[in-house]
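> show me the folded form of this:
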Amino acid sequence: MSSATDSVLTFRDATDADVDALVALIESAYRGESSRAGWTTEADILQGQRTDPEGVLEVVRSPDSRLLTVEREGRVVACCQLEHRGVYAYFGMFAVSPALQGAGLGRTIIAEAERRARETWGVDEMHMTVISVREDLIAWYERRGYRRTGRMTPFPYGDERFGIPQRDDLEFELLVKELA
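Numbering: from 1, shown residues only. Modelled structure (predicted):
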């Protein structure tokens with residue numbers, strides 16, 4: 001099998017028809033045993049769901065947001081949310097198929113997302129939030145030029161739409177990158 005970056009990727013905005021495939025992709029990248037095939041798993045810190053069809057559909061239909069869908073050979077292999085928030089764009093809901101992680105696909109996708117945010121909305125910064133205990137993931141984003149801000153927001157404990165925490169120290173840290 002060729003590497004994830006050897007074949008052509010197609011980038012497009014998600015539609016309502018993509019919701020089920022995108023929910024399955026996001027869940028597979030972060031939760032349950034299937035997520036352990038990749039390195040982005042949250043299975044040891046969160047159980048339950050990562051997202052749901054309603055949440056994904058809300059992003060797809062939002063006028064200030066787009067859910068960038070990435071296909072390879074006609075199959076959805078990755079996605080990420082881009083949301084215009086005035087002077088910056090928000091990057092979220094990033095998922096790469098666990099079987100394709102570690103081959104450079106994520107790096108390609110985040111670069112394309114940053115390019116699109118700059119060109120579409122003219123923003124100078126990209127913001128994201130990452131669970132602060134995810135040191136390996138934060139380090140990956142730092143290698144892509146994101147910086148830790150130390151600004152934290154609480155994890156939504158008690159709201160099972162975001163998962164069932166397996167520890168009591170979860171919070172989100174804001175990461176920022178200049179897109180100049």
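
> C-alpha only now, for contacts and for neighbours.
OK.

> and stretch 61-76, what's buried?
65, 66, 67, 68, 69, 70, 71, 76 (16 or more other C-alpha atoms under 10 Å).

> what sits up against it?
Stretch 61-76 is contacted from outside by 7-14, 16, 21-22, 25, 59-60, 77-85, 109, 113, using C-alpha atoms under 8 Å, 6 or more residues apart in numbering.

> for stretch 124-131, same thing?
87-92, 114, 118, 138, 170-180.

> for it, list the C-alpha coordinates in CSV.
The C-alpha trace of stretch 124-131 is given here as CSV (Å, rounded to 0.1, in the frame of the first residue of the first chain):
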residue,chain,number,x,y,z
ASP,A,124,-3.8,36.6,10.4
GLU,A,125,-4.2,34.0,13.1
MET,A,126,-5.5,30.5,13.6
HIS,A,127,-6.8,29.5,17.1
MET,A,128,-7.5,26.0,18.4
THR,A,129,-8.1,24.4,21.8
VAL,A,130,-6.5,21.1,22.8
ILE,A,131,-7.0,19.1,26.0
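
> tell me which residues in it are buried?
For stretch 124-131, using 16+ other C-alpha under 10 Å, the buried residues are 125, 126, 127, 128, 129, 130, 131.

> now do stretch 149-167
155, 162, 163, 164, 165.

> I'd say residue 145 and residue 177 touch.
Yes: if you go by C-alpha atoms under 8 Å, residue 145 and residue 177 touch, sitting 6.0 Å apart.

> so the residue minimising distance to the centre of the chain, which state does it fall into?
By C-alpha atoms, centre = their mean, the mean C-alpha position of the chain lies nearest to residue 94, the distance being 1.3 Å. Following DSSP: H, G, I helix; E, B strand; the rest coil, the label given to residue 94 is strand.

> touching, it and residue 79? I think so.
Yes: applying C-alpha under 8 Å, one finds residue 94 in contact with residue 79, separated by 5.6 Å.

> among the buried residues of stretch 124-131, which are located in strands?
Residues of the buried residues of stretch 124-131 located in strands (DSSP state E): 125, 126, 127, 128, 129, 130, 131.

> quick one: low-confidence ranges for this protein?
1-6 (pLDDT under 70).

> so where do the helices sit in it?
19-30, 53-61, 105-121, 135-143 (DSSP state H).

> return the most buried member of the ones you listed.
Of all these, helix 19-30 has the most neighbours on average by mean count of other C-alpha atoms under 10 Å, namely a mean of 22.

> residue contacts, residue 138?
With C-alpha under 8 Å, 6+ apart, residue 138 has these contacts: 130, 132.
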